[in-house]
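Asker: Output the structure for:
(2 chains)
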2 protein chains.
Amino acid sequence: MEPFASPEECEAAFYAAFREGDLGGMKQVWGPDDTIVCIHPARPPLAGRDAVMRSWRDILGNTGGVQVKFDCRKRRHAGELAVHVGIEVIGGADEDPALVSVTNVYALTGQGWKLQLHHAAPIHRESRPASSVH
Amino acid sequence: MEPFASPEECEAAFYAAFREGDLGGMKQVWGPDDTIVCIHPARPPLAGRDAVMRSWRDILGNTGGVQVKFDCRKRRHAGELAVHVGIEVIGGADEDPALVSVTNVYALTGQGWKLQLHHAAPIHRESRPASSVH
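Answerer: This is a model prediction of the structure:
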């Protein structure tokens, strides 16, 4: 596989792997070392390849993939780091979706852009002003 | 006030303002423009000075300051951005504290290091393995 040439390419591959339940793809997306961090909903931070990959193996194994779309609202790139903030919309078109506030950080590594941090926090249904991010 | 010379100085000032209910201090800490983002627990992202400062005025006005300590577990600095991940411990020594997973991003601006993003997500009490971040 070609290395990701931009944070956006890495992001697209992350959500493709998440949707398709593709653990191999997920392993390609994440950074190579023990500085990576993943914060799943309502959980403490997980750090390092072993803990982060184990969590995704469980999630993708249990679900077979998740119907998720990422609506990226803010980007800040500077040198070898890129910070993206937005909202994940989870669920099919025929159901009331769950919304999740997300911060994704990408880092430029020797193998191209990789996911460095994923922080996902569910939005309560009563606090959903769709216009809160401009 | 002197500009913050490091992400760590900015972080210390952020938590001091949070603890002391100091809205003026909070205004100094955050970045100057509409790219800043704040994600309060269970809420969608707020973007820009107006929305972010309004939210802190409400929080600090309602609470008069919060007993909060930040335990920073992972740092990634690269050029003009710095990403810190850790756990906020909220509450006094005589009570069972609330734990919050936090991502803080700092950016180097013309006025020194400023807070660019604060993402706070409460940790459920049943998922508190204290050793989950190494």
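Asker: Do a quick rundown of the helices in chain A.
Answerer: Taking DSSP state H, the helices of chain A run over residues A:7-20, A:23-29, A:49-63.
Asker: Other residues contacting the shortest one?
Answerer: Residues from elsewhere that reach helix A:23-29 (Cβ atoms under 8 Å, 6 or more residues apart in numbering or on different chains): A:1, A:4, A:10, A:13-14, A:16-18, A:53, A:56-57, A:60-61, A:114-115. Yep, even glycine has a C-beta here, placed from its N, CA and C like the rest.
Asker: Swap in 10 Å and give it another go.
Answerer: A:1, A:3-4, A:9-20, A:22, A:49, A:52-53, A:56-57, A:59-61, A:106, A:111-115, A:118 (Cβ atoms under 10 Å, 6 or more residues apart in numbering or on different chains).
Asker: Report the buried members of those.
Answerer: With burial judged by 16 or more other Cβ atoms under 10 Å in any protein chain shown, the buried subset of the contacts of helix A:23-29 is A:4, A:9-11, A:13-15, A:17-18, A:22, A:52-53, A:56, A:59-60, A:106, A:112-115, A:118.
Asker: Could you list the low-confidence segments of chain A?
Answerer: Residue ranges of chain A with pLDDT under 70: A:128-134.
Asker: need the strands for it, in chain order.
Answerer: Secondary structure of chain A by DSSP state E: the strands cover A:37-39, A:46-47, A:68-78, A:81-90, A:98-109, A:112-122.
Asker: Let me have those in a markdown table, extended by distance to B:K69.
Answerer: Output for the strands of chain A, formatted as a markdown table (distance: least, Cβ to Cβ, whole Å):
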| stretch | distance to B:K69 |
| --- | --- |
| strand A:37-39 | 19 |
| strand A:46-47 | 20 |
| strand A:68-78 | 27 |
| strand A:81-90 | 25 |
| strand A:98-109 | 22 |
| strand A:112-122 | 20 |
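Asker: tell me the most buried of those?
Answerer: Highest mean neighbour count of these: strand A:37-39, a mean of 25 (counted as mean count of other Cβ atoms under 10 Å in any protein chain shown).
Asker: Quick test: name the residue nearest the centre of chain A.
Answerer: For chain A, the residue nearest the mean C-alpha position is A:H118 (4.9 Å; Cα atoms, centre = their mean).
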